[in-house]
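> Sequence plus predicted model, see below.
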Amino acid sequence: LRIAQQSFGKSIISTEFKGRRFMVIGSEVFDVGNCKTFHEVLPEYLRILLGERWIKKELEKELVMRHPMLQWYNAMTRYQRESMQGLSRVQTGSNIGAISALLGLSYNLYLMAHNSELQEKLIKRLKDLNQFLGAHYEIQVAAYCIQAGFEITLEDENDPNSTHCEFAAKNIKSGRKFSIEAKARTHGKNSGA
């Protein structure tokens, strides 16, 4: 049942203590406040990763000039205010593209941190508008591999003596190993392609 719900990879580890939710992600314990569902935890985890200082700086900008992640977050909170009857109980609602994008990215980052490692360098690339699409795609590919039953090991891209793929993937059942290079086709002058 767990594999059917969560795919392969480590189980979600979460507990409630004195009205607060705590989650183990990788080797760290996170206080995610009064979240009742995993879907509530994901945006909180993303906020932790991005850092309050960076978020505050982005929120000072007009909405259309903010980083896409903060535009998605704005769309989610606006939808919650307009559609939900109070936030004190668990409710269901329609999914919109911005919410799907925000939760998908947050979940993929969670999968990487919980099952492998999440490098600060990757988070910095995610925050950089010129590198956002490539970093987002790389995170998505790594998460797909984890969900499909692969252990991933990130490559040391700082080693200038040789070229590197983004990560190595080893199938947990067969033991077969693959080198993964994740490249997304993007358009525009700031795509970095």
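Thanks, I have it. Residues are numbered from 1 along each chain as shown.
> For stretch 141-149, which residues meet the burial criterion?
Of the residues in stretch 141-149, those scored as buried under the neighbour-count criterion (16 or more other CB atoms under 10 Å) are 141-147, 149. Any C-beta I mention is one placed from the backbone N, CA and C, and that applies to glycine too.
> ditto for stretch 175-186
Residues 180, 182 are the ones in stretch 175-186 that count as buried (16+ other CB under 10 Å).
> Now find how far off-centre that stretch is within its chain.
Counting by CA atoms, centre = their mean, to the nearest Å, stretch 175-186 is centred 18 Å from the centre of its parent chain.
> Where does pLDDT dip in the chain?
Applying pLDDT under 70 to the predicted model, the residue ranges of the chain that meet it are 1-7, 84-94, 156-164, 186-193.
> Who does residue 24 form a beta bridge with?
Note on residue 24: beta-bridge partners residue 13, residue 29, judged by DSSP bridges.
> I figured residue 126 hits residue 134, correct?
No: taking CB atoms under 8 Å as the contact criterion, residue 126 and residue 134 are not neighbours in contact, 9.5 Å apart.
> who has more neighbours, the two?
Taking residue 126 and residue 134 together and counting by other CB atoms under 10 Å, residue 126 has the greater number of neighbours (23 against 20).
> how about that one, what does it touch?
Under the criterion of CB atoms under 8 Å, 6 or more residues apart in numbering, the contact partners of residue 126 comprise 69, 132, 135-136, 139.
> again, but for residue 183
Residues touching residue 183, when contacts are defined by CB under 8 Å, 6+ apart, comprise 134, 137.
> just checking, it is part of a helix?
No: following the definition DSSP: H, G, I helix; E, B strand; the rest coil, residue 183 is coil and is not counted among the residues of a helix.
> Longest helix in this structure, by number of residues?
helix 97-115 (DSSP state H).
> got the buried residues for the following helix or strand past that helix?
Sequence-wise, the next helix or strand downstream of helix 97-115 (DSSP states H and E) is helix 120-127. The neighbour-count criterion (16+ other CB under 10 Å) identifies 122-123, 125-127 as the buried residues of helix 120-127.
> Just give me how far helix 120-127 sits from the chain centre.
Chain-centre distance of helix 120-127: 11 Å, with CA atoms, centre = their mean.
> Kindly report the same for stretch 170-179.
Going by CA atoms, centre = their mean, where stretch 170-179 is centred and where its chain is centred differ by 23 Å.
> distance between the ends of it?
The first and final residues of stretch 170-179 sit 9 Å from each other (CA to CA, to the nearest Å).
> ok so, going back, make TSV from the buried residues of helix 120-127 and add distance to residue 175 to it.
Converted to TSV, these look like this (distance: CB to CB, whole Å):
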residue	distance to residue 175
122	26
123	31
125	31
126	31
127	36
